[in-house]
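1. generate a structure from the sequence data that follows.
(chains A and B)
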Amino acid sequence: SQQGEEDPQALSIQEGENATMNCSYKTSINNLQWYRQNSGRGLVHLILIRSNEREKHSGRLRVTLDTSKKSSSLLITASRAADTASYFCATAFRDGTLTFGKGTMLLVSP
Amino acid sequence: DGGITQSPKYLFRKEGQNVTLSCEQNLNHDAMYWYRQDPGQGLRLIYYSQIVNDFQKGDIAEGYSVSREKKESFPLTVTSAQKNPTAFYLCASSIRTGGSGYTFGSGTRLTVV
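-> This next block holds a predicted model:
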């Protein structure tokens, strides 16, 4: 069963704008991760946030986690055309496996 | 270069045939995983292995089989019992299960003809 659900399903913005994607999940987690997938390719790990962390930054990425609301958000600042991809959140349980959401398709236009 | 290699990139199978997808990693990762991706459905876990000679079923293991005879290798066989095998298959590995990110291969696109 899929745990995480991303919102929105699709997002279209102009270069230079910020992109925000949200993820909601249902049960307690060990950590939450975000991945990027370019069309027809494998996924690339972007960032991991542990259940006892509230915010994490990596370059132009900012991730927040609210365990009371069972939700996370990924913010990409100053978007570039190269950021065009699908973005997935994945929740990790005690057995260590990841459960992925259906993803958000981001289109950044020049 | 350390990484995870899937082959072939494209695979065509006739109905009733078994096919094996290859996944090899040189990252010295203990854990390996197979996911299936269908349009609009995200990734679903087929099988995973935390250690050599051991593996566990994921959410959609029916019609699939795996082996883990070497740390570096985790091949997936799609058997004729899998009713709808056409999909994009992704292999991944991680240092251990839990607490670390996955490294993914570039995927194998399987089509039944």
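
2. any weak-confidence spans in the chain?
-> Just going to use chain A. By pLDDT under 70, the low-scoring segments of chain A are A:1-3.

3. that's the wrong chain, I meant chain B
-> Along chain B, the parts satisfying pLDDT under 70 run over B:1-2, B:97-98.

4. tell me the residues of it that contact chain A?
-> Neighbours of chain A within chain B, by Cβ under 8 Å from any Cβ of the partner chain: B:6, B:31, B:33, B:35, B:40-45, B:48, B:50, B:58-59, B:88, B:90, B:92, B:94, B:96-107, B:109. In short, each C-beta sits where N, CA and C put it, glycine included.

5. swap in 6 Å and give it another go.
-> B:42-43, B:45, B:48, B:90, B:97-98, B:101, B:104-107 (Cβ under 6 Å from any Cβ of the partner chain).

6. looking at those residues, which two lie furthest apart in space?
-> B:98 and B:106 (24.6 Å; Cβ to Cβ).

7. would TSV of the residues of chain B next to chain A with distance to residue A:52 be doable?
-> Formatted as TSV, the residues of chain B next to chain A follow (distance: Cβ to Cβ, whole Å):
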residue	distance to residue A:52
B:42	26
B:43	26
B:45	25
B:48	25
B:90	29
B:97	19
B:98	14
B:101	17
B:104	26
B:105	31
B:106	34
B:107	33
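
8. neighbours of the residue of chain A found nearest chain B, how many?
-> Going by Cβ to the nearest Cβ, chain B is nearest to residue A:96 of chain A, at 2.5 Å. Using other Cβ atoms under 10 Å in any protein chain shown as the criterion, residue A:96 is surrounded by 17 other residues.

9. cool, residue A:39 as well?
-> By other Cβ under 10 Å, the residues close to residue A:39 number 8.

10. show me what the helix or strand harbouring residue A:47 is packed against.
-> Per DSSP states H and E, residue A:47 falls inside strand A:43-50. Applying 3 or more Cβ pairs under 6 Å, 6 or more residues apart in numbering or on different chains; DSSP states H and E, one finds that strand A:43-50 makes contact with strand A:31-37, strand A:61-66.

11. most packed of these?
-> strand A:31-37 (a mean of 24; mean count of other Cβ atoms under 10 Å in any protein chain shown).

12. quick one: that strand to chain centroid distance?
-> 5 Å (Cα atoms, centre = their mean, to the nearest Å).

13. how about the strands of chain B, start to end?
-> Using DSSP state E, the strands of chain B run over residues B:4-7, B:10-13, B:19-25, B:31-38, B:42-51, B:54-57, B:64-66, B:76-78, B:87-94, B:103-104, B:108-112.

14. which residues outside the second one are in contact with it?
-> In this structure, residues lying in contact with strand B:10-13 by Cβ atoms under 6 Å, 6 or more residues apart in numbering or on different chains are B:19, B:108-113.

15. partners of that strand, with directions?
-> Strand B:10-13 pairs in its sheet with strand B:108-112 (parallel), by DSSP bridges.

16. now the strand it pairs with and strand B:19-25, what's the angle there?
-> 180 degrees (axes from the mean of the first three to the mean of the last three Cα atoms, to 10 degrees).

17. ok so, going back, now the strands of chain B as a markdown table including distance to residue A:65 and mean neighbour count?
-> Shown next, in a markdown table, are these (distance: least, Cβ to Cβ, whole Å; neighbours: other Cβ atoms under 10 Å in any protein chain shown):
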| stretch | distance to residue A:65 | mean neighbour count |
| --- | --- | --- |
| strand B:4-7 | 27 | 18 |
| strand B:10-13 | 38 | 14 |
| strand B:19-25 | 29 | 19 |
| strand B:31-38 | 23 | 24 |
| strand B:42-51 | 20 | 21 |
| strand B:54-57 | 27 | 14 |
| strand B:64-66 | 33 | 20 |
| strand B:76-78 | 32 | 20 |
| strand B:87-94 | 20 | 24 |
| strand B:103-104 | 22 | 22 |
| strand B:108-112 | 33 | 17 |
